[in-house]
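Trainee: after the sequence you'll find the predicted model.
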Amino acid sequence: MRHGETDTNRKRIWQCSIDEPLNDTGRAQAREAANFVMNLRPDVIVSSDLSRARETAQIVASYLDDVEMRVEPGLRERSCGEAEGLNTDGIQKKFGFRMEMTSSLLDNVPGAEAYEHFAQRILETFNRIYDETGTSRVLAVCHGGVMRTFYNEQINPVPLGIVFHNCAIITTARENGRWSIVDRYKTDKI
């Protein structure tokens, strides 16, 4: 699940690993998504350590009975280095390309986390969470770039322009080491 909206999301600013809190719209989105999550009946909620994801997780957890919560820094959004805090036009002016979280072009931005490292971190984190929780149903509250990278690397390449909206959810299952999509909430057709 992607976190709810922040003011920087609304302004279309690339916050990346900047720790931005939810705004009132983001809190309302989390409450609305909690209705979908209640049907999933998660046993565990694992959240990125960034406050927008943690608060989203806490709001959703408040609608559930007896759910374990924990923070997982491995679910943190990709660092965009010197591109953080800029909008897409600002990034294009400064670095000469259109920003995409899964783009290897971002590897050229000073201080940015290399895509290869980011993808490896995400996949290792999801696989470790899966191994640690066994047969439990887990809700991972994270970020758009995390979801897109997981989807790209484990399911199918996500076409450019497809967005994981605030509080979008992809329900996945893993069998024989392979991930598959079971259901979606607030996602574009992918």
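Mentor: Alright, I've got the coordinates.
Trainee: can you check the pLDDT for the closest residue to residue 23 other than its chain neighbours?
Mentor: Sequence neighbours aside, residue 7 is the residue nearest to residue 23 in space, at 5.1 Å (criterion: C-beta to C-beta, 6 or more residues apart in numbering). Glycine gets a C-beta too; all of them are placed from N, C-alpha and C. Here, the pLDDT recorded for residue 7 equals 97.
Trainee: looking at it, residue 7 is touching residue 25, isn't it?
Mentor: No - with contact defined as C-beta atoms under 8 Å, residue 7 does not reach residue 25; the gap is 9.2 Å.
Trainee: partners of residue 179 in the sheet?
Mentor: Beta-bridge pairing of residue 179 under DSSP bridges involves residue 174.
Trainee: roughly how far does the residue nearest to residue 23 sit from residue 84?
Mentor: Per C-beta to C-beta, to the nearest Å, residue 7 is found 15 Å from residue 84.
Trainee: do residue 175 as well
Mentor: Applying C-beta to C-beta, the value for residue 175 to residue 84 is 37 Å.
Trainee: between the two, which one's more packed in?
Mentor: For residue 175 versus residue 84, neighbours defined as other C-beta atoms under 10 Å are more numerous around residue 84 (20 against 7).
Trainee: list the residues that contact residue 58.
Mentor: Residue 58 sits next to residue 69 when contact means C-beta atoms under 8 Å, 6 or more residues apart in numbering.
Trainee: after the longest helix seen in the chain, which helix or strand is next?
Mentor: In the chain, taking DSSP state H as the definition, the longest helix is helix 115-133. Using DSSP states H and E, the next helix or strand after helix 115-133 towards the C-terminus is strand 138-141.
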